[in-house]
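Peer 1: got a predicted structure plus its sequence, pasted below:
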Amino acid sequence: MNALKTYIIPRLIQYVVVIFIGITITFIIPRLTPIDPVQTAINRLTSYGGIYMEPEIVESLQNTLKELYGLEGSLLEQYFAFWKHLFTLDFGPSLSMFPTPVIEIIANSLPWTIFLLLTTLLISWIIGNILGGLAGYFKDEKWSNVLAIVAMSIYPIPYYVMALILVILFVYIFPVFPMMGGYSIGIQPSLSWAFIVDVLRHSILPAISLIIIGIGWWFLSMRSMTSNVVAEDYVTYIEFAGLPRHKVLFSYVMRNAILPQVTALALQIGGIFNGAVITEVAFSYPGVGLLLKNAITNGDFNLMMGIAVFSIIAIATASLVIDLLYPLFDPRIRYR
Amino acid sequence: MFVILKDLLKRDKKFLFGFIVVCILVFLAILSIFSPYDPRSWSVVPKDRPPSFQYILGTNSMGQDIFWNTTHALKNSFVLGITTAVVATIIGTIVGLIAGYRGGTLDKVLMSINDSFIVLPSLPILVFLSFSLRGKMTMFVLGLTLSVFSWPWGGKQVRAQVLSLREREFTYTSVFSGMNMWKVVFREHLPFVIPWVIANFINTILWALGMEITLSVLGLTSLETPTIGTTIHWAMQYQAIFRGIWWWLLTPIILCVLLFVALYMLSVSISEFLDPRTRLQRIKMGG
């Protein structure tokens, strides 16, 4: 009961605050800029088809768009209308793929991003922590230092540059992997074996790109965490008590060092999402990142807004879920 | 200060590596003053020439000399990184110092804002913002915007340091001798947190440069200004890899990797130096 009061409720309040700040910022941004989204959209429509529109039609279009963007009424009314649209998941139709609703387009690319993000995150977190734990426990061994130097030279590389390096190596110099898309052109998306293999083949390079950087980060933080825990008195004590080494390492050292890593996961998830977005762009992988790129090149304001709002909520929620799972790892909070 | 610098250069290979590489890159950035070409103008040299004596790093499809363009790109990237880091560090340090020193409700409020900004996904908001401001996003505005999203990490760290400084004897002495909060915080506590602030400063530069690359690749920064990000953007736009103009893409990639690794090594080395446990180990090992 105490855990609820001291841990869960403050975290829930923070969740609400984060969403509130994020959504309010997205509400303010287009109203601060000198560019009128309504006019831009109309210019796009008229220049796109080269259609001449009667002034009355333009005016009625203007009004519908104004209503759509929630630009009617006072600022406060607009703000409430904005929230109402959010709760009903209504972001209006996409401008570049008119009249498909934005939410439908996002829902189509979401599974790709979740698949990529979740698998790479799990793989890199697990491998990085195991390697980091070992390297921290055997801190003075040569291989531990070599691994640390390798990780330090890989982790800081920006995601997009890492993706480019992999493209140059494995698509251009040694053409092992296909470059573009989520699956080959001409293959119908279905649950067949051939399709699954094709999808996996296309996801390997983006996944590797994310995993390498991810492992680098989790390895480095776990290594320093573990080497701090090893220096604690209780570890010296159980070592003298004659516990087998693997037991010391896994049940006493890593068990304690892993806790900050769970919290770090909740804090890093936004940054990891940024990385996934830009990696998708580099490989033209059909997830939310590529969608974002398309929205930018097509000047699709609605889609842009939908993605921004959607990712703010999604990331905040993911971070909350990890934090709420934290008591499962930390008995001190569970039994308090 | 210089003693510490000399000490770090002598004892820590990571620091030495980072220091040398950053110095070289800063030197290259300074060279941009002597550039014979305007970085914004196109077709000043023959197109797509491979590296030669005349054009050390070759030329690109826009008719620009890659070497001189790169010096400009480095300069602009440094300016952006430093602008962001200066603003973010000032905000973060002040918030951290005050939250740590005052404690109580103010601390709770400031830290919940701080934590919210840490969890707040920056990319979607930044993309949305630069999309709306398209074309009007100068380097300076971009730097300011980025700093809004990068101050909380430093703030959190400074606060944690001040929490322990607050309980030390000298704080009580200065309070009892009648110094007000600002004086105690800036005269007595700030000097102690400066090294953390420096490590954070470097990390913020890293973050800002990475974000700039991301935004440039998406085509959202002012693309006519050469930076590391926009150089990559144009090389990709002209399909440099597949047309075999490798020198165009390889230059920013190699520079970028060097710069990021070097800055990261500097920040790691400083944080290790700060951690008494690792410092003790180094002394023990006779390093």
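Peer 2: Thanks, I have it.
Peer 1: low-confidence stretches in chain A?
Peer 2: Within chain A, the ranges that satisfy pLDDT under 70 run A:1-3, A:33-37, A:40-41, A:44-53, A:67-73, A:98, A:179-182, A:184-191, A:335-336.
Peer 1: ok, longest helix in it?
Peer 2: helix A:193-230 (DSSP state H).
Peer 1: who does it touch, helix- and strand-wise?
Peer 2: helix A:102-137, helix A:142-154, helix A:159-167, helix A:255-283 (3 or more Cβ pairs under 8 Å, 6 or more residues apart in numbering or on different chains; DSSP states H and E). (Glycine included, C-beta is placed from N, CA and C.)
Peer 1: any idea which of those helices is most buried?
Peer 2: Ranked by mean neighbour count, the helices and strands packed on helix A:193-230 are led by helix A:159-167 with a mean of 24 (mean count of other Cβ atoms under 10 Å in any protein chain shown).
Peer 1: so how far is stretch A:324-336 off the chain centroid?
Peer 2: 25 Å (Cα atoms, centre = their mean, to the nearest Å).
Peer 1: follow-up on the earlier one: out of the helices and strands packed on helix A:193-230, nearest to chain B?
Peer 2: Comparing these against chain B with Cβ to the nearest Cβ, the closest turns out to be helix A:255-283 (4.0 Å).
Peer 1: and that closest one, how far out from the chain's middle?
Peer 2: Distance, centroid of helix A:255-283 to centroid of chain: 7 Å (Cα atoms, centre = their mean).
Peer 1: that helix vs chain B: in contact?
Peer 2: Yes: Helix A:255-283 comes into contact with chain B (Cβ under 8 Å from any Cβ of the partner chain), by way of A:266-267, A:270, A:273-274, A:277-278, A:281-282.
Peer 1: and whatever helix or strand B:Ala73 lives in, what does it pack against?
Peer 2: Under the criterion of DSSP states H and E, B:Ala73 resides in helix B:66-102. The contact analysis (3+ Cβ pairs under 8 Å, 6+ apart) places helix B:66-102 against helix B:13-31, helix B:104-119, helix B:139-165, helix B:181-183, helix B:190-217, helix B:228-237, helix B:246-274.
Peer 1: buried deepest among these, which one?
Peer 2: helix B:228-237 (a mean of 24).
Peer 1: report the angle between that helix and helix A:255-283.
Peer 2: 50 degrees (axes from the mean of the first three to the mean of the last three Cα atoms, to 10 degrees).
Peer 1: now the residue nearest the centre of chain A: closest residue in space that isn't a chain neighbour?
Peer 2: Centroid-nearest residue in chain A: A:Phe273, 1.8 Å away (criterion: Cα atoms, centre = their mean). Counting by Cβ to Cβ, 6 or more residues apart in numbering or on different chains, A:Phe273 lies nearest to A:Ile315, which is 5.5 Å off, once chain neighbours are set aside.
Peer 1: make sure the one you found is actually in contact with A:Gly271.
Peer 2: No: applying Cβ atoms under 8 Å as the test, A:Ile315 and A:Gly271 come out as separate, 9.7 Å apart.
Peer 1: show me the residue sitting in the middle of chain B in space.
Peer 2: Centre-nearest of chain B using Cα atoms, centre = their mean is B:Ile205, 0.7 Å out.
Peer 1: now do the contacts for that residue.
Peer 2: If you count contacts by Cβ atoms under 8 Å, 6 or more residues apart in numbering or on different chains, B:Ile205 has them with B:81-82, B:84-85, B:263.
Peer 1: mind putting those residues into a markdown table with distance to A:Gly299?
Peer 2: Below are the contacts of B:Ile205 laid out as a markdown table (distance: Cβ to Cβ, whole Å):
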| residue | distance to A:Gly299 |
| --- | --- |
| B:Gly81 | 29 |
| B:Ile82 | 32 |
| B:Thr84 | 27 |
| B:Ala85 | 32 |
| B:Leu263 | 35 |
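Peer 1: biggest separation within those, which pair?
Peer 2: Spanning the widest gap among the contacts of B:Ile205 are B:Thr84 and B:Leu263, at 13.2 Å by Cβ to Cβ.
Peer 1: may I see the buried residues of stretch A:244-254?
Peer 2: For stretch A:244-254, a neighbour-count test (16 or more other Cβ atoms under 10 Å in any protein chain shown) marks A:248-249, A:252-254 as buried.
Peer 1: end to end, how far does that stretch reach?
Peer 2: 14 Å (Cα to Cα, to the nearest Å).
Peer 1: ok so, going back, please report how far the residue nearest to the centre of chain A lies from B:Ile90.
Peer 2: Taking Cβ to Cβ, to the nearest Å as the measure, A:Phe273 falls 28 Å from B:Ile90.
Peer 1: what's the answer for A:Tyr252, then?
Peer 2: A:Tyr252 is 43 Å from B:Ile90, by Cβ to Cβ.
Peer 1: which stretches of the stretch 1-150 of chain B have low pLDDT?
Peer 2: B:1, B:135.
Peer 1: pull up the residues of it that are close to chain A.
Peer 2: B:14, B:112-113, B:115-125, B:127-129, B:131-134, B:136.
Peer 1: gap between the two ends of stretch B:235-243?
Peer 2: Separation of the first and last residues of stretch B:235-243 by Cα to Cα is 10 Å.
Peer 1: and that stretch, how far out from the chain's middle?
Peer 2: Distance, centroid of stretch B:235-243 to centroid of chain: 28 Å (Cα atoms, centre = their mean).
Peer 1: again with stretch B:110-120
Peer 2: In this view, stretch B:110-120 has its centroid 21 Å away from the chain centroid, taken as Cα atoms, centre = their mean.
Peer 1: cool, and stretch B:75-85?
Peer 2: 7 Å.
Peer 1: same question, stretch B:175-187
Peer 2: Using Cα atoms, centre = their mean, the offset of stretch B:175-187 from its chain centre is 32 Å.
Peer 1: and what of stretch A:18-33?
Peer 2: Distance, stretch centre to chain centre, for stretch A:18-33: 20 Å (Cα atoms, centre = their mean).
Peer 1: same question for stretch B:178-188.
Peer 2: Centre to centre, stretch against its chain (Cα atoms, centre = their mean), the figure for stretch B:178-188 is 29 Å.
Peer 1: over to stretch A:6-14?
Peer 2: Between the centre of stretch A:6-14 and the centre of its chain there are 23 Å (Cα atoms, centre = their mean).
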